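**Student:** sequence plus predicted model, see below.
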There are 2 protein chains.
Amino acid sequence: MKRIPDDVIRRLPLYLRKLDGLYAKGEKRVSSGELCRQLRMEPSQLRRDLAWFGDFPQQAFAYDIDGLRREIGKILGTHEEFSAILVGPGKIGSALIEHFSFIVDGYEVLGAFDVSPERIGTEIAGVPVYDIAGLGDFVREHKVDIAILTVPRGPAQKLADVLVESGIRAIWNFTNEELDVGAADVLVENVHFSDSLLHLNYYLAQRNGETD
Amino acid sequence: MKRIPDDVIRRLPLYLRKLDGLYAKGEKRVSSGELCRQLRMEPSQLRRDLAWFGDFPQQAFAYDIDGLRREIGKILGTHEEFSAILVGPGKIGSALIEHFSFIVDGYEVLGAFDVSPERIGTEIAGVPVYDIAGLGDFVREHKVDIAILTVPRGPAQKLADVLVESGIRAIWNFTNEELDVGAADVLVENVHFSDSLLHLNYYLAQRNGETD
C-alpha cells in the first residue's frame, strides 16, 4: 500500500466519528456535499483523502454510510486487539480507565501502575493497580502493546525509559512532556492539554487585540 | 499583522514548552540545530515558522532562550487574562480544574456547572459548583470567555447551544462530539481522546500487518 500522509490519517477518526453518528441515527446514505458541510470541509479535501484508499461505493454522489464507516474502521485498525497498561492512575488516569471501552474498542487494559501504597493492591473499574517497581518486568512478561502515561512531567522521561527498555510498542503520552525514545522503534502519540489551550488562547488574544 | 497559518500556530506551544524546559534547566542559548534535533524537526521548518514573527535575536546561529520564549509567549497571548467556567465536573473535569493553573497561566475558573444534587453547592479546588440550570444566566452576567465542556456526548450539543446563545466566546471541547455553533462567532477547540488513540491504533495495526 502507498504510504498515506499522516495528516490524512489524522482526519480519518473525524470522518469515522461523524459517520458513526449518522449511522446511530439510522441514516443510510449521505451526499458528499452534506457530509462536507457537517464536517466543515471542502468537498475536494474529502475526496482527495478517501481516494488514498481506493474506490468507495457511491451512488448518485451519495456515500453508503455503513460501508464507508466500516472501510475507514478497517483502515484505522479498529478490528485489531491490543493490550494496554496505564502508568499513573490519578484522576485523569482513572477516568481514562473507566471510560476506555467508550473511547475505542479492542483494547484490554491489563493493569495500572502507581507509587502510592494506598492505591497499590486496589482495583479501578476492575483493573488491578500494581506497584510501579514491577513495571518493566510486567511489560516484558505480558508483551504490552501500549502504555498510557498519565504521570506528572517530573518522572515522565524516566518512566518512558523503563517502558522503552522493556519493549513497549507505543506510548500514549498525557504528561505535557516531550518524550525522548532515542532510536527505539516506539510510537509516541501526545495529548498535550496545554498546547490545545494555548492554541485557543492565541485566537482569543487576537480577538481582544482587534476590539481594543 | 499577516494572517499566520493555523499549522504554524499549532506548533508554537511545542516550541514554547521546549524552551521553557531549557530555561528551567538554567540554559541561556541553544543553537538552531540542537533545538531542531530535540524537537525532531527540520531546521528549515523552524526557521520558516519563526520568520512569521519577524527577526528573533540570534547570535552565531544560537537563539537566546529567554528572549525567544518570551516572544512566543507574547504571540500566543500568554500574558492575557481570561475567565473560564467548566461544564460537567466529573473525573476529567475535576482533574482539569485542579491542574488548571499548571496548564496555562492567566485563567480564572469562575465556577463549575453540574446536574448532580450531591455536587451542587460543593467546591472543587476552591471553585464553586453551581446548578447547570443557571448556566446561561451566569455566562451572560459574568461575560465568560471560555467554557470547558467535559460532559458526555449525549447532552454536549444542547449545552453548547446554551453557551452560544449566552454569548460565550470560546468552547474547549472534551466531549468527543463535533459541536455545531452555527454562524456564531465562537471558537471551538477540540481535545478528542478517541481521535488521538485511533491515530496511534493505525500505526500499531500497520506494524502488525508488516510482521504478520
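**Tutor:** Perfect, I can see it now.
**Student:** now the helices for chain A?
**Tutor:** Counting by DSSP state H, the segments of chain A that form helices are A:6-24, A:32-39, A:43-51, A:65-76, A:91-103, A:135-142, A:153-165, A:193-211.
**Student:** which parts of the fifth one are buried?
**Tutor:** For helix A:91-103, the buried set under the neighbour-count rule, 16 or more other CB atoms under 10 Å in any protein chain shown, comprises A:91-100, A:103. For the C-beta atoms, the positions are set from N, CA and C on the backbone; glycine is no exception.
**Student:** count the neighbours of the nearest residue to residue A:93 once chain neighbours are set aside for me.
**Tutor:** Distance criterion CB to CB, 6 or more residues apart in numbering or on different chains; nearest residue to residue A:93, sequence neighbours excluded, is residue A:150 at 3.7 Å. Using other CB atoms under 10 Å in any protein chain shown, residue A:150 is surrounded by 25 other residues.
**Student:** so what pLDDT did residue A:150 get?
**Tutor:** Residue A:150 carries a pLDDT score of 94 in this model.
**Student:** so it makes contact with residue A:96?
**Tutor:** Yes: using CB atoms under 8 Å, residue A:150 is in contact with residue A:96, at 6.7 Å.
**Student:** identify the contacts common to the two.
**Tutor:** Counting by CB atoms under 8 Å, 6 or more residues apart in numbering or on different chains, the shared contacts of residue A:150 and residue A:96 are A:86, A:174.
**Student:** give me the below-cutoff pLDDT ranges for chain A.
**Tutor:** For chain A, applying pLDDT under 70 flags the ranges A:1-2, A:54-60, A:101-102, A:211-212.
**Student:** which strand of it spans the most residues?
**Tutor:** Counting residues, the longest strand in chain A under DSSP state E turns out to be strand A:107-114.
**Student:** list the buried residues for that one?
**Tutor:** Buried positions in strand A:107-114, judged by neighbour count with 16+ other CB under 10 Å: A:107, A:109-114.
**Student:** out of those, which one sits closest to chain B?
**Tutor:** Nearest to chain B out of those is residue A:107 (CB to the nearest CB; 8.0 Å).
**Student:** what is the burial count for the residue nearest to that closest one when sequence neighbours are not counted?
**Tutor:** Excluding the flanking residues, the one nearest residue A:107 by CB to CB, 6+ apart is residue A:84, at 5.0 Å. Number of residues near residue A:84 (other CB under 10 Å) recorded here: 22.
**Student:** pretty sure residue A:84 is touching residue A:113, no?
**Tutor:** No: look at residue A:84 against residue A:113 with CB under 8 Å: they stay out of range, at 11.8 Å.
**Student:** ok, residue A:7 to chain B distance?
**Tutor:** Noted for residue A:7: a distance of 9 Å to chain B, by CB to the nearest CB, to the nearest Å.
**Student:** what's the neighbour count on the nearest residue to residue A:140 once chain neighbours are set aside?
**Tutor:** Leaving aside its chain neighbours, residue A:140 sits nearest to residue A:166 (5.0 Å; criterion: CB to CB, 6+ apart). Residue A:166: 18 surrounding residues under other CB under 10 Å.
**Student:** and residue A:44, by the same measure?
**Tutor:** Residue A:44: 9 surrounding residues under other CB under 10 Å.
**Student:** can you tell me how far it sits from residue A:4?
**Tutor:** Distance, residue A:44 to residue A:4, by CB to CB, to the nearest Å: 17 Å.
**Student:** and for residue A:141?
**Tutor:** Using CB to CB, we find residue A:141 at a distance of 34 Å from residue A:4.
**Student:** so the two - more neighbours on which side?
**Tutor:** The neighbour comparison of residue A:141 against residue A:4 (other CB under 10 Å) goes to residue A:4, with 15 against 10.
**Student:** I'd say the more buried one and residue A:51 touch.
**Tutor:** No: in this structure, residue A:4 is not within contact of residue A:51 by CB under 8 Å, at 10.6 Å.
**Student:** burial count for the closest residue to residue A:75 other than its chain neighbours?
**Tutor:** Distances taken as CB to CB, 6+ apart put residue A:53 closest to residue A:75, at 5.8 Å, once the chain neighbours are dropped. When neighbours are defined as other CB under 10 Å, residue A:53 has 17 of them.
**Student:** with residue A:10 instead?
**Tutor:** Around residue A:10 there are 14 residues (other CB under 10 Å).
**Student:** swap in residue A:23?
**Tutor:** Residues near residue A:23, counting by other CB under 10 Å, number 16.
**Student:** how near is the nearest residue to it once chain neighbours are set aside to residue A:21?
**Tutor:** When the adjacent residues along the chain are set aside, residue A:23 lies closest to residue A:65, with 5.3 Å between them (CB to CB, 6+ apart). Distance of residue A:65 to residue A:21, given as CB to CB: 10 Å.
**Student:** which of the two has more neighbours?
**Tutor:** Just comparing residue A:65 and residue A:21: by other CB under 10 Å the higher neighbour count belongs to residue A:65, 21 against 16.
**Student:** tell me who's in contact with that one.
**Tutor:** Residue A:65 neighbours (CB under 8 Å, 6+ apart): A:19, A:22-23, A:27-30.
**Student:** go again using 6 Å as the cut-off
**Tutor:** Applying CB atoms under 6 Å, 6 or more residues apart in numbering or on different chains to residue A:65 gives the contacts A:19, A:22-23, A:27, A:30.
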